[in-house]
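Visitor: the following block contains a protein sequence and its predicted model.
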Amino acid sequence: MSKILLPSMMLADFGGLKEEIKALDNADVTGYHIDIMDGQFVPNFGMGLQDLEYIRSATNKPIDVHLMIDNPDKYIEKFADIGVDVIYIHPEADTHPTRTLQAIKDKDKKAGIAINPGTSVESIQPYLSIVDYIMIMTVNPGFAGQKYLDFVDEKIDRLINPEFKNKYNYEILVDGAISPEKVEKLSKKGVKGFVLGSSSLFGKDKSYADIIKELNDL
Ligand code: DX5
Ligand code: ZN
């Protein structure tokens, strides 16, 4: 099964972003994962709109934007108009997630929910027939370099179980502390996409191309 491999660009070398994107494009990453944070929903600030606009101008590959912001409904048009391909909202941060998810689809973008480690399957059930993707956070959102939270595996198992999953059309991605070992284990279970950060891609002594090839071969 081909994997969706997405470098988490908050870890990119912003001193050489043009070269980073060229190297990642040439390494044949599937697309890019852009973390947007508001200092409210998460206690951090990721990239800004200018960063996103630059990355959009520098690659033709798909861009996923991960909105770790309160009231994401206010900004769907803005992100859609920048030209991203997939917009993930946190239902925990939205008073009316189904309306926001529909607004994403009305802009002809793929709609995803990103769910915190403590968010239950039951609580997201109403959205499962609407979304194209579920991004399961395997760390508490807001920072890179954290430890994988093992208790989330049970939720992954429930959402990946064909008896449950086959009633819907979503694919599953995981985001947070994803190592090559996690890519191997979770892809074998049917997880489709992996956000690659400090545990697998950035700051390693191998080329991006070698790493991406190795991850695709797992
Ligand atoms: C965390 C972000 C992740 C993070 C992944 O809130 O959503 O995308 O950057 O980085 P690692 O893989 O280092 O956890
Ligand atoms: Zn993310």
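Guide: Perfect, I can see it now. Residues are numbered from 1 along each chain as shown. Ligands and ions are numbered 1, 2, ... in the order given.
Visitor: for ligand 1, what's its nearest residue on this protein.
Guide: Gly197 (2.3 Å; CB to the nearest ligand atom). Using the backbone N, CA and C atoms, a C-beta is placed for each residue, glycine as well.
Visitor: Pro91: how many residues sit nearby?
Guide: The number of residues packed near Pro91 is 22, by other CB atoms under 10 Å.
Visitor: repeat that for the one 5 residues further on.
Guide: Burial of His96, expressed as a neighbour count using other CB under 10 Å, amounts to 12.
Visitor: in this structure it contacts Pro72, no?
Guide: No: under the criterion of CB atoms under 8 Å, His96 makes no contact with Pro72, lying 10.5 Å away.
Visitor: mind listing what the closest residue to Lys182 other than its chain neighbours touches?
Guide: In this structure, Lys182 finds its nearest non-sequential neighbour in Tyr148, 6.6 Å apart by CB to CB, 6 or more residues apart in numbering. With contact set as CB atoms under 8 Å, 6 or more residues apart in numbering, Tyr148 has these partners: Thr138, Val139, Gly176, Ala177, Ile178, Ser179, Lys182, Ser199.
Visitor: gap between Tyr148 and Asp70?
Guide: Noted for Tyr148: a distance of 26 Å to Asp70, by CB to CB, to the nearest Å.
Visitor: Lys188 now?
Guide: To Asp70, Lys188 is 36 Å away according to CB to CB.
Visitor: with Phe194 instead?
Guide: Taking CB to CB, one finds Phe194 at 27 Å from Asp70.
Visitor: between the two, who's got more neighbours?
Guide: More neighbours surround Phe194 than the other of Phe194 and Asp70, with 27 against 17 (other CB under 10 Å).
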